[in-house]
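Trainee: Have a look at this prediction, sequence included:
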Amino acid sequence: MSNWRWVMCAMLFFATTVNYLDRQVLSLTWKDFIAADFHWTDSQYGTITAWFSIFYALACLFAGKFIDWMGTRKGYLWSIFIWSVGACMHAACGILTLKINDIGSMEALRAVQSGSAVALAVSTCSVWLFLGCRMILALGESGNFPAAIKVTAEYFPKKDRAFATSIFNAGASVGALAAPATIPLLAAHWGWEMAFIIIGALGFVWMFFWFFLYDKPWKSRFVNRAELEYIQQDDSVAATAEVNNEGGKTIPFLKCFTFRQTWAFIAGKFFTDGVWWFFLFWAPAYFSDQYHYRSDSKEAIMLILVLYLIVTVLSICGGYLPKLFVEKKGMEPYSGRMRAMLIFAFFPLLALFAQPLGRYSAWFPAIIIGLAGAGHQAWSANLYSTIGDMFPKSTIGTITGVGTTMGGLASFMINKGAGMLFTKSYEAGADFTFMGFEGKEAGYMIVFCICAVAYLIGWTVMKTLVPRYKPIVVD
């Protein structure tokens, strides 16, 4: 048997790694580099991350349908091209801000007095420019997961999909792991603008390999008959039909919302995606705020590296768990996935202890957030795989996009809310209290509490909507 499916999985892994590297450049440069140039507040950064989530959510609503229509080969190429262009465009925001506000140089910009009318004009202008670039980035990135999940369904049988998904989804953790080791150093040595350009250019390299390596498994010259039979082991009749009709019969977009399975996936994404995006966007700022570690300092880099190393290693193991339930316990894939997801739903409860233990050392919240993040990534890998369990391959991209849209809306709510909360709690100081914490520490504790219980709520709603395995058959 050939093993080309794992090469495809590796391509998905690298695409997701680049995706998260591009997404992380702003979060690792804004606090210690960009904010000083443009006089940003926590609330303004929260606005940028929140609106990025909204752009991403709205784009996902159509990206899945676009991938189903365009196909994984062309759809993925367009997706990564657009987001790479958007990532590189961030570098021009400084120059445009200077021109729009008629300021001669970056040195003169930094010399603007905080709180002045000029500082307000600069911060407002730069926020809008960054929002424009984030919109293009979000438009392209919205196609990554619909395309990746569709490729996984094409190249793997059901029992292997959660494991394959956990591997490529680990690219999110590896991207977040590589980011603090590279981006702050790039920004410190060559400026934050070059950090956006260098990281953004990686997507164009990936496009070259994807163009020459990808094809449908039944068309690929790298897949032999034995591997094709393994891939199509779940339903030989449906597999044969897909060979002759690449997409199969699809489900109309609005009809997708008549199925409880669609709403179960939506619930799983809505209740949990915001948690991951909060950790992703705010962890560097958290260590800067609470412990005064600049993002390019040795301490901050090590904390973020360890955090995402924990996420990466444990999340891959989490994707293997339902495979174990199916092969060793004899469970059908959906039941095995739901049992695994229940186990992972308890991991984020550890976030309740991040702030209390953080009083003793920054390493406690770093490790705890890492364990909570690992729980999310393992949960997410299995959640994505439930689509392939329930829906025909021709509709996988559409359902992925719809669910991701709701996850993006949740991310908007938590990031915008967190930014406003942190600004308010900081200004209130000792007058703002929660569970024994004051000021911004109390604000972080509130958000950690929300993150802790989100997964158990999401699992309960999913199980209520779809208590047992029930695939959708297209007439």
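Mentor: The structure has been received and is ready for your questions.
Trainee: which regions of this structure sit below the pLDDT cut-off?
Mentor: 235-249, 318-319, 327, 474-475 (pLDDT under 70).
Trainee: which residue sits farthest out from the middle of this structure?
Mentor: Farthest-out residue of the chain from its mean C-alpha position, per Cα atoms, centre = their mean: residue 104, at 37.9 Å.
Trainee: ok, how many other residues are close to the closest residue to it other than its chain neighbours?
Mentor: Among residues not flanking residue 104 along the chain, residue 98 sits closest, at 7.4 Å (Cβ to Cβ, 6 or more residues apart in numbering). Glycine gets a C-beta too; all of them are placed from N, C-alpha and C. Residues lying near residue 98 (other Cβ atoms under 10 Å) number 19.
Trainee: what comes into contact with stretch 23-37?
Mentor: 40, 45, 48-49, 87, 90, 94, 106, 109-110, 126, 130, 134, 137, 141, 175-176, 179-180, 183-184, 187-188, 192, 195-196, 199-200, 280-285, 288, 294-296 (Cβ atoms under 8 Å, 6 or more residues apart in numbering).
Trainee: how about that stretch: buried residues?
Mentor: By neighbour count on 16 or more other Cβ atoms under 10 Å, the buried set for stretch 23-37 is 23-35, 37.
Trainee: looking at it, residue 223 is touching residue 2, isn't it?
Mentor: Yes. Taking Cβ atoms under 8 Å as the definition, residue 223 is a contact partner of residue 2 at 5.7 Å.
Trainee: Compare neighbour counts for those two and give me the winner.
Mentor: Neighbour totals were compared for residue 223 and residue 2, and residue 223 leads with 23 against 15 (other Cβ under 10 Å).
Trainee: wait, what's in contact with that one?
Mentor: Counted by Cβ under 8 Å, 6+ apart, residue 223 has contacts 2, 4-5, 217, 231.
Trainee: hmm, try it at 6 Å
Mentor: If you count contacts by Cβ atoms under 6 Å, 6 or more residues apart in numbering, residue 223 has them with 2, 4, 217.
Trainee: Name the nearest residue to the second one, sequence neighbours excluded.
Mentor: This points to residue 4. residue 222 (4.1 Å).
Trainee: Can you tell me the number of residues neighbouring the one you found?
Mentor: 15.
Trainee: if I've got this straight, it is in a strand?
Mentor: No. According to DSSP: H, G, I helix; E, B strand; the rest coil, residue 222 belongs to no strand; its state is coil.
Trainee: ok, so what distance separates it from residue 273?
Mentor: 34 Å (Cβ to Cβ, to the nearest Å).
Trainee: Residue 163 now?
Mentor: Residue 163 is 21 Å from residue 273, by Cβ to Cβ.
Trainee: Counting neighbours around each, name which of these two comes out higher.
Mentor: residue 273 (27 against 23).
Trainee: Three-state assignment for the residue nearest to residue 395 when sequence neighbours are not counted, please.
Mentor: Leaving aside its chain neighbours, residue 395 sits nearest to residue 251 (4.6 Å; criterion: Cβ to Cβ, 6+ apart). Taking three-state DSSP as the rule, one finds residue 251 in the coil state.
Trainee: wait, residue 251 sits on residue 396?
Mentor: No. If you go by Cβ atoms under 6 Å, residue 251 and residue 396 don't touch, sitting 10.4 Å apart.
Trainee: Good, wrapping up.
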